[in-house]
Each structure stands twice: as structure tokens, then as C-alpha cells.
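>>> what follows is a predicted structure for the sequence shown.
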Amino acid sequence: MKTYRKELWFNTEARMALINITPQVEEAVRESGVKEGLCLVNAMHITSSVFINDDEEGLHEDFLKWLEGLAPYDPKRYKHNLTGEDNADAHLKRQIMGREVVVAITDGKLDFGPWEQIFYGEFDGRRPKRVLIKIIGE
């Protein structure tokens, strides 16, 4: 069995951002040489996310608005922020959107359903964070 590991690094200008990382993950699959297997993609920070959905701008705006409604940025609202942080909302947003995705690799390509794409969700940006890609298979 082959294994392959690659890191992606992000440092967004905005506090919150959704970034399509499908091309970088597809490149990692090609680099791995795996034809049949699994591809894990996970955020390596507790205030960011990796998820699968449609790459449609209105939907992305809806996600950000919905998340802000569920867990608004308000440094005085959360007990976590008493530790000197101001990112409790980002931890909650990450919990909702998820830590990782696993996608099957079939015939050397990500085996997606219609419209599916992989996204990095940033909820406490403006500093370096990484995403791990781990591929296993034959």
C-alpha cells in the first residue's frame, strides 16, 4: 500500500473565508500515484474547517451569514474569551462545519458526487494555518 502526505498553508486577509481547495487536493492525488484508495483532508487548527459542498458564491455567503447568526463574533459573549482569546465563536463555527473529509479515489481521481468540491473554512484568520492531505491506497 502507498501512502502520501502533503500540507497546504493558508493565511487569509479576512477573519472568515471559504476557499475552494479542490485543485490542490487533486494535484496531491496525482502526485501520490494512488489509483484506488482514500484521501483524507483535515484542518489542523481548531478554528478552521474542511468540508464538501457546492462552489456557488450565494451559498458561500449564506454559510457565512448562517454561521454568524449561530455563533456571532462578540468577545464579551463567551466564557472561553475570558482566557484572553477572542475566538470562541470560531471554535463553535468549526464544530458545525467539521474537521475533515474523506473522499474515495477511483482510477486515480477524486470520486465526487455532482457539484461536490472541497473547501477550507477559516473562522479566525489573519495568521498561518495548515491543512493536512493524507492519501492511502494502491
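Now that the structure is in, tell me what you want to look at.
>>> now do the contacts for Ala14.
122, 125-126 (Cβ atoms under 8 Å, 6 or more residues apart in numbering). Where C-beta positions appear, they are placed from N, C-alpha and C, glycine not excepted.
>>> should've said Lys35
Lys35 touches 105, 107-108, 137-138, counting by Cβ under 8 Å, 6+ apart.
>>> looking at these, which one is closest to Arg94?
Comparing these against Arg94 with Cβ to Cβ places Ile105 closest, at 25.9 Å.
>>> give me the buried subset of the contacts of Ala14.
Buried members of the contacts of Ala14, counted by 16 or more other Cβ atoms under 10 Å: 122, 125.
>>> in this protein, which helix is the longest?
In the chain, taking DSSP state H as the definition, the longest helix is helix 57-70.
>>> helix or strand right after that helix?
Next in sequence after helix 57-70, counting helices and strands by DSSP states H and E, comes helix 88-97.
>>> in the sheet, who's paired with the spatially closest residue to Arg94 that is not a sequence neighbour?
Closest residue to Arg94 apart from its sequence neighbours, by Cβ to Cβ, 6 or more residues apart in numbering: Ser49 at 4.9 Å. Residues in a beta bridge with Ser49, per DSSP bridges, are Gly121.
>>> pLDDT wise, what is Ser49 at?
Note on Ser49: pLDDT of 98.
>>> that one: what's it in contact with?
Going by Cβ under 8 Å, 6+ apart, Ser49 touches 43, 93-94, 97-99, 120-121, 123.
>>> same question for Arg130.
Arg130 neighbours (Cβ under 8 Å, 6+ apart): 7-10, 44-45.
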